[in-house]
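**Student:** build me a model from this:
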Amino acid sequence: MKARVKEMLRQNELFRVLPEAIITEIVDSSTIVSFPKNHFVIHERDRDNDLFFLITGLAKNTVMTDDGEEFAVRFYHPGELAGLINTLAEDSSRFSVQTVEDCEFLMIAKPLFNRLIHEQALFAEQLTHDISRRLQHMYQALAAETSEHHHGLETYPYRKRVGEMMDHTLTSVLPETSIVEVASAMLDEKVSSVLIMEKEALLGIITERDLIKLIPSHTTIPTRQARDIMTENVITVEDDAFFYEAMLLMMKHQVKHLPVVSAGKVEGVITLRKLSDFRGQSVLGMVKTIDQADTVEKLAEHHTNITAFLDRMMKEGAAAHEICTIITELNDRVLRRIIELSEQAMVEAGLGTPPTDYCWITMGSEGRKEQTLSTDQDNGIIYPDIDNDIHLAEVDTYFAALAEKIVAGLEQCGFPRCKGDVMATNKKWRKSLAEWKYMIEAWFNHMQGEEIRMFTIFLDFRPVYGQAKLAHELRQYFMIRKKNFPFMYNLLAEDDASCGVPLGMFGRIVYDKKIKDGIDIKGGALVHFVNAMRLLAIFENVEAVSTLERLTALTSKGTFTKEEEDEVLDSFNTLLHFRIRENMRQLQSGIPLSNELHVAVLPKNEQIRLKKALNTAKWLQQKLIRQFQVRGIRI
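**Tutor:** Numbers count the residues shown, from 1 in each chain. Down below sits the predicted model:
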């Protein structure tokens with residue numbers, strides 16, 4: 001055991017700088033201790049803690065918020081040092097270390113550790129770097145978590161991390177294992193899936209459903225191996241991913257088992273059954289219901305369940321952007337099913353199947369995956385270039401009829417038609433690829449007034465159904481051609497600056513003249529986050545479409561610091577939260593949905609958070625004005 005522990009210490013980034021004699025001294029003078037599952041190795045109230053180097057098992061670092069909520073900020077795997085912050089703190093900290101499963105630790109006495117700090121310069125230097133990284137990670141996680149509490153939200157279950165929910169017992173077999181042995185392993189371990197692994201590499205997965213499929217060919221079962229029936233290219237999830245991210249993966253890929261990985265190594269499995277225990281069944285059930293609906297009327301009936309689910313997510317602590325991500329995924333499924341039903345209706349009407357490939361795109365907030373209850377339709381169709389003019393007319397006539405069925409179906413399911421007619425029923429938004437490229441050129445050469453608005457709606461397009469390569473080719477065309485029109489950045493920045501943030505002198509919120517004691521939460525606030533991320537993303541050659549994906553990519557390019565990214569994320573979530581909550585209130589009160597937020601009736605603490613978010617919007621607007629030299633605008 002000592003030889004194994006020495007080797008693990010040598011592999012650790014902190015200890016590897018020590019001489020061999022010192023590593024031997026650490027192992028010889030320290031004690032190996034064992035703790036059962038869910039045991040507090042270090043509690044936040046403890047002082048003068050020793051350090052614990054994990055040998056076997058899994059542990060987690062938890063933080064207690066000011067509101068008494070506990071959540072995990074990181075997990076410890078074998079070969080990692082736990083309790084570092086607690087040991088060096090002068091008094092008790094808010095960090096605890098708790099076992100997730102049975103664990104063995106090398107307990108290193110605090111006096112020995114302190115001596116190493118004073119005597120080993122490289123060790124002290126590496127330690128300083130390590131502490132800095134840990135504190136940054138922990139306090140960022142704490143800040144993100146407490147920002148949800150400022151909304152008065154609960155953190156359970158949507159803020160749960162996958163590593164806290166997964167089954168840590170791995171049932172795995174080699175690829176040459178017989179199917180009979182695979183089935184026996186499932187029965188013996190009482191699991192619904194088996195991982196196919198070789199030298200810790202994940203090669204595939206076999207589920208109960210895979211075995212059931214073999215029943216008709218039962219005579220060949222004894223001769224078959226795991227590699228013959230396993231699913232390759234397994235969908236996995238990181239251990240620090242949140243509940244909603246695992247739920248989203250299951251929705252997207254229609255799977256019930258997700259291997260959980262950390263640093264590329266499989267650490268456990270999260271299943272549909274486990275998510276069901278955490279209230280995930282309802283949303284996954286909705287996916288099945290949507291996919292199986294055989295009429296638009298049934299889809300419209302089921303779409304009301306999405307609204308109810310949104311309300312529950314709000315009450316159970318999901319962040320606003322998480323809600324939008326899941327709602328968009330569900331709405332995308334509704335859209336794809338409507339398109340399939342519309343294509344069937346075209347055949348039944350004697351109009352036939354689509355005469356060529358096509359791609360249905362969504363734009364605006366739907367394209368950015370930021371849909372809320374008051375989102376209307378913004379969509380279009382791209383189809384391949386047609387050489388023959390007569391055939392082109394026939395193709396467009398077909399897609400005009402198809403678009404009307406799809407848009408009508410969306411309207412029936414609760415998505416209002418766009419007041420600006422940005423829909424595939426309008427020839428302007430239903431074109432061949434060449435015509436779309438021509439429209440981009442027209443925008444570049446004549447970008448002013450209402451055309452700028454149309455251009456910005458278009459820039460947020462993404463493919464939802466059909467040949468996505470058509471949308472990708474159009475995106476690439478735009479990214480190449482934009483280089484010849486640098487004045488575009490100034491015009492887009494000027495357009496954003498033309499609409500002020502509703503903040504007056506000394507940070508006072510300025511009410512909209514059309515709204516009693518309130519502001520337009522979308523047009524006066526959220527729009528500036530969307531505009532800034534879109535413009536900066538185009539400038540930095542970022543192809544992401546959603547506001548927060550653009551923010552993340554821009555931070556990686558150095559446009560924003562990590563602190564600025566956190567500030568923008570918090571403020572964007574605040575505004576989005578207010579908008580969703582107000583829409584829910586309007587819906588439940590039978591009031592027409594709008595983007596009005598009546599500030600005067602908000603509690604004082606929410607008014608403060610609103611001011612903070614508006615100040616961030618103002619800062620983003622000023623950043624655009626300075627960077628792209630917008631003239632005639634005072635900042």
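**Student:** hey, let's count contacts and neighbours off CA atoms from now on
**Tutor:** Noted.
**Student:** could you chop this protein up by domain?
**Tutor:** 2-149, 162-279, 285-478, 494-627 (automatic domain parsing).
**Student:** closest to residue 485 out of these?
**Tutor:** domain 285-478 (6.7 Å; C-alpha to C-alpha).
**Student:** quick one: distance of the closest one to the chain centre.
**Tutor:** 21 Å (C-alpha atoms, centre = their mean, to the nearest Å).
**Student:** hmm, back to that, redo the domains of the chain as TSV? Include distance to residue 487 and mean pLDDT.
**Tutor:** Converted to TSV, the domains of the chain look like this (distance: least, C-alpha to C-alpha, whole Å; pLDDT from 0 to 100):
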stretch	distance to residue 487	mean pLDDT
domain 2-149	38	78
domain 162-279	39	85
domain 285-478	9	89
domain 494-627	11	90
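**Student:** ends of stretch 504-513, what's the gap?
**Tutor:** 14 Å (C-alpha to C-alpha, to the nearest Å).
**Student:** residue boundaries of the strands in the stretch 101-250 of the chain?
**Tutor:** Ranges of strands in the stretch 101-250 of the chain, per DSSP state E, counting those that start in this stretch, are 103-108, 172-173, 193-198, 201-207, 237-238.
**Student:** quick check: closest non-adjacent residue to residue 248.
**Tutor:** residue 326 (6.5 Å; C-alpha to C-alpha, 6 or more residues apart in numbering).
**Student:** you'd agree that neighbour is in a helix?
**Tutor:** Yes: counting by DSSP: H, G, I helix; E, B strand; the rest coil, residue 326 falls inside a helix.
**Student:** is it in contact with residue 246, as I believe?
**Tutor:** No: taking contacts as C-alpha atoms under 8 Å, residue 326 lies outside contact range of residue 246: 11.0 Å.
**Student:** pull stretch 601-615 out as PDB, backbone CA atoms only.
**Tutor:** Only the C-alpha atoms of stretch 601-615 are listed here, as PDB (Å, rounded to 0.1, in the frame of the first residue of the first chain):
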ATOM      1  CA  VAL A 601     -44.500  47.400  -7.400                       C
ATOM      2  CA  LEU A 602     -41.200  45.400  -7.100                       C
ATOM      3  CA  PRO A 603     -39.800  44.800  -3.600                       C
ATOM      4  CA  LYS A 604     -36.800  47.000  -2.800                       C
ATOM      5  CA  ASN A 605     -34.200  44.300  -3.100                       C
ATOM      6  CA  GLU A 606     -35.500  43.400  -6.600                       C
ATOM      7  CA  GLN A 607     -35.400  47.000  -7.700                       C
ATOM      8  CA  ILE A 608     -31.700  47.100  -6.600                       C
ATOM      9  CA  ARG A 609     -31.000  44.000  -8.700                       C
ATOM     10  CA  LEU A 610     -32.800  45.500 -11.600                       C
ATOM     11  CA  LYS A 611     -30.700  48.700 -11.300                       C
ATOM     12  CA  LYS A 612     -27.600  46.500 -11.200                       C
ATOM     13  CA  ALA A 613     -28.600  44.700 -14.400                       C
ATOM     14  CA  LEU A 614     -29.500  48.000 -16.200                       C
ATOM     15  CA  ASN A 615     -26.100  49.400 -15.200                       C
END
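**Student:** ok, the residue lying closest to residue 415 once chain neighbours are set aside to residue 28 distance?
**Tutor:** Computed as C-alpha to C-alpha, 6+ apart, the closest residue to residue 415 that is not its neighbour in sequence is residue 376, at 5.3 Å. According to C-alpha to C-alpha, residue 376 and residue 28 sit 69 Å apart.
**Student:** likewise residue 518?
**Tutor:** In terms of C-alpha to C-alpha, residue 518 sits 69 Å off from residue 28.
**Student:** same check, this time on residue 392
**Tutor:** For residue 392, the distance to residue 28 - C-alpha to C-alpha - is 82 Å.
**Student:** what do you get for residue 601?
**Tutor:** When residue 601 is compared with residue 28 (using C-alpha to C-alpha), they lie 66 Å apart.
**Student:** and what of residue 588?
**Tutor:** With C-alpha to C-alpha as the criterion, residue 588 and residue 28 are 68 Å apart.
**Student:** state the three-state secondary structure for the nearest residue to residue 613 once chain neighbours are set aside.
**Tutor:** Residue nearest to residue 613 in three dimensions, not counting chain neighbours: residue 571, with 4.3 Å by C-alpha to C-alpha, 6+ apart. What three-state DSSP gives for residue 571 is helix.
**Student:** residue contacts, residue 571?
**Tutor:** Shown in contact with residue 571 (C-alpha atoms under 8 Å, 6 or more residues apart in numbering): 612, 613, 614, 616.
**Student:** pick the one among those residues closest to residue 257.
**Tutor:** Nearest to residue 257 among the contacts of residue 571, with distances taken as C-alpha to C-alpha, is residue 613, at 39.0 Å.
**Student:** contacts for the helix or strand that contains the closest one, please.
**Tutor:** Using DSSP states H and E, residue 613 sits within helix 604-627. The contact list for helix 604-627 (C-alpha under 8 Å, 6+ apart) reads 151, 493-494, 496-497, 501-503, 507-509, 525-526, 528-529, 532, 567-568, 570-572, 574-575, 599, 630-631, 633, 635.
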